[in-house]
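S.K.: quick one: sequence plus predicted model below, questions after.
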Amino acid sequence: MDSARDGARAHASSWQSRVRRPAWLDATGEWFRDRARLLDSPLATHHVLLATTSVLVVIGLVMVLSSSSVEALTNYGSPYYFFKNQAMYAVIGAIALMVASRVPAVAWQRLAVPALLATAFLQLLVFVPGIGVTVNGNRSWIELGPLRGQPSEAGKIALVLALALALSRRREVLHEPVKLAAAMALPVGLTVGIVLLSRDLGTALVMMAVVAVMLWVAGIPAKWFALAAGGGALIATLAVVTSQNRMSRVHDWLFGTADTTEAIQGLAWQPVHAKYALASGSWWGLGLGASREKWSWLPEAHNDFIFAVIGEELGLPGTLTIVVLFGVLALAAMRLVKRSENLYTKLAVAGIGAWILGQACLNMGVVLSLLPVIGVPLPLISAGGSALVLTLFGIGILLSFARAEPGAPEAIRARESVVARSLAVLPHRGRRGPRDTSRKRPTKG
């Protein structure tokens with residue numbers, strides 16, 4: 001029996017030696033192995049965050065141009081009006097990202113309290129007549145001359161930095177409810193509290209999700225999250241029942257829209273036409289620029305409902321690409337949390353990641369009718385200057401922490417020294433020494 005088994009093995013080995021794998025298969029396997037080895041680099045998180053963010057911003061610029069061209073041409077006489085504004089803010093955001101990424105990681109702790117106080121002041125300006133502006137029922141905008149923005153976007157960053165500082169300084173007493181509440185009172189009150197007063201429920205929900213994730217990373221006992229979830233649900237319920245607009249939207253989401261022209265043309269208009277856009281896009285989409293809903297059918301097509309236009313024009317591959325890219329951002333943030341050495345960095349990274357990814361999930365959930373309509377943009381994709389600039393600034397903070405990962409500073413110095421040596425050599429290339437005129441060519445004679 002042993003001889004028969006040995007003979008079978010020899011036959012199999014002989015057969016495998018005669019059958020060669022295609023060269024392209026070997027090359028593909030080697031390519032994937034090389035990419036996997038790159039993840040072992042200390043700067044892998046930095047590169048993944050930067051590359052993924054760049055791709056999302058480029059996709060956002062393309063889709064803002066496509067989804068806003070009709071409205072821009074109708075209202076402003078140029079199909080590029082919104083696109084040019086978004087491109088300008090993308091450049092400003094890129095500068096903000098680069099500046100934030102070069103700030104030393106330890107400096108963000110010192111900037112936490114000034115940032116909290118400054119953003120609280122800006123958020124209170126929304127209640128000042130002549131400065132605060134009401135948009136879609138929410139008094140969450142300020143307008144100073146030609147500049148208009150949402151200070152709550154800056155408030156998200158201030159909340160993350162200040163809450164991370166408070167929790168990391170009181171890590172020994174986080175298991176005591178009273179002392180934990182005292183530590184959270186100032187950061188949460190000056191951000192989430194003011195946003196709730198301005199009736200911006202969408203932003204408040206994003207901020208509460210940020211607080212929940214940061215508390216989880218800080219190691220708060222799980223049983224407390226049931227109480228926190230109950231408190232958050234109570235606040236959200238009060239915000240809904242005190243607004244007829246929100247009540248109607250939640251009713252339509254829970255029980256469906258009445259099959260009447262008046263109902264469909266009311267508050268249900270946006271979610272209904274978002275479904276039309278996704279349905280007409282089907283599997284493969286109508287093609288870039290071929291959306292029908294952007295022809296004044298879908299309100300906010302380039303803002304909160306841009307994901308519907310992506311599905312209509314680019315189909316399932318387009319929407320899945322967006323989901324995968326945000327998933328890559330989530331994995332990069334989780335890797336950064338795992339590799340960070342101090343609690344403050346872990347909390348700040350978790351907070352910024354929860355902000356961007358939680359807001360993306362809320363936006364896509366609204367477009368897919370998995371959630372009632374909540375006015376939050378799709379990060380890095382939707383049109384909006386203050387949102388884009390401050391989101392890129394937040395990612396710049398993540399890059400700053402990624403540059404402080406174990407082994408990353410040494411890798412950066414090594415790379416910079418190589419670049420410096422290369423640049424030092426370049427000016428000498430092409431130079432020739434002084435011409436020796438003492439030696440003369442022999443003359444023929």
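M.R.: Cool, the structure landed.
S.K.: wait, is residue 287 part of a strand?
M.R.: No. Per DSSP: H, G, I helix; E, B strand; the rest coil, residue 287 lies outside any strand segment and is coil.
S.K.: isn't it up against residue 312?
M.R.: No. Judged on Cβ atoms under 8 Å, residue 287 makes no contact with residue 312 at a distance of 9.7 Å. Yep, even glycine has a C-beta here, placed from its N, CA and C like the rest.
S.K.: give me the more crowded residue out of these two.
M.R.: residue 312 (30 against 12; other Cβ atoms under 10 Å).
S.K.: got a list of what the more buried one touches?
M.R.: Residues near residue 312 by Cβ atoms under 8 Å, 6 or more residues apart in numbering: 277, 278, 280, 281, 285, 286, 291, 292, 293.
S.K.: ok, and the closest non-adjacent residue to the last one?
M.R.: Leaving out its chain neighbours, the residue that sits closest to residue 293 by Cβ to Cβ, 6 or more residues apart in numbering is residue 277, at 4.2 Å.
S.K.: list the contacts of residue 82.
M.R.: 64, 65, 68, 71, 72, 302, 383.
S.K.: the strand or helix carrying the residue nearest to residue 293: what's the following helix or strand?
M.R.: Using DSSP states H and E, residue 277 sits in helix 269-281. Where DSSP H and E defines the elements, the next helix or strand beyond helix 269-281 is helix 306-339.
S.K.: and that following helix, which residues are buried?
M.R.: Residues 306-315, 318-319, 322, 325-326, 328-330, 332-333, 335-337, 339 are the ones in helix 306-339 that count as buried (16 or more other Cβ atoms under 10 Å).
S.K.: check stretch 378-394 too.
M.R.: Quick answer for stretch 378-394 (16+ other Cβ under 10 Å): 378-394.
S.K.: and that stretch, what's its mean pLDDT?
M.R.: The pLDDT scores in stretch 378-394 average 93.
S.K.: pLDDT weak spots in the stretch 251-400 of the chain?
M.R.: 251-267 (pLDDT under 70).
S.K.: switch the cut-off to 50
M.R.: Within the stretch 251-400 of the chain, not a single segment meets pLDDT under 50.
S.K.: pretty sure residue 385 contacts residue 89?
M.R.: Yes. Between residue 385 and residue 89 there is a contact under Cβ under 8 Å: 4.0 Å.
S.K.: ranges for the helices of the stretch 151-300 of the chain?
M.R.: Per DSSP state H, counting those that start in this stretch, the stretch 151-300 of the chain carries helices over the ranges 151-169, 177-188, 194-197, 201-218, 223-241, 244-255, 261-264, 269-281.
S.K.: show me what the last one is packed up against.
M.R.: The contact analysis (3 or more Cβ pairs under 8 Å, 6 or more residues apart in numbering; DSSP states H and E) places helix 269-281 against helix 306-339, helix 343-367.
S.K.: how does it look with 10 Å?
M.R.: helix 244-255, helix 261-264, helix 306-339, helix 343-367 (3 or more Cβ pairs under 10 Å, 6 or more residues apart in numbering; DSSP states H and E).
S.K.: pull the contacting residues for the closest residue to residue 159 other than its chain neighbours.
M.R.: Leaving out its chain neighbours, the residue that sits closest to residue 159 by Cβ to Cβ, 6+ apart is residue 191, at 4.1 Å. Residue 191 makes contact with 116, 119-120, 123, 152, 154-160, 162-163, 203-204, 207, 210-211 under the criterion Cβ atoms under 10 Å, 6 or more residues apart in numbering.
S.K.: what helix or strand does the spatially closest residue to residue 103 that is not a sequence neighbour sit in?
M.R.: Excluding its sequence neighbours, the residue lying closest to residue 103 (Cβ to Cβ, 6+ apart) is residue 400, at 5.3 Å. If you go by DSSP H and E, residue 400 is part of helix 385-402.
S.K.: angle of that helix against helix 343-367?
M.R.: Angle, helix 385-402 to helix 343-367, by axes from the mean of the first three to the mean of the last three Cα atoms, to 10 degrees: 140 degrees.
S.K.: against which helices or strands is helix 385-402 packed?
M.R.: So helix 385-402, by 3+ Cβ pairs under 10 Å, 6+ apart, packs with helix 44-76, helix 81-102, helix 107-124, strand 147-149, helix 151-169, helix 306-339, helix 343-367.
S.K.: tilt between the first one and helix 81-102?
M.R.: Looking back up the chat, that one is helix 44-76. Using the same axes, to 10 degrees: helix 44-76 against helix 81-102 is 160 degrees.
S.K.: give me the angle between helix 44-76 and helix 269-281.
M.R.: 110 degrees.
S.K.: helix 44-76 - what's its average pLDDT?
M.R.: According to the model, helix 44-76 has a mean pLDDT of 93.
S.K.: just stretch 166-181 next, same as before
M.R.: Computed over stretch 166-181, the average pLDDT equals 86.
S.K.: checking residue 375 next. Helix, strand or coil?
M.R.: Applying three-state DSSP: residue 375 is coil.
S.K.: which residue packs closest to it, ignoring adjacent ones?
M.R.: Closest residue to residue 375 apart from its sequence neighbours, by Cβ to Cβ, 6+ apart: residue 202 at 4.7 Å.
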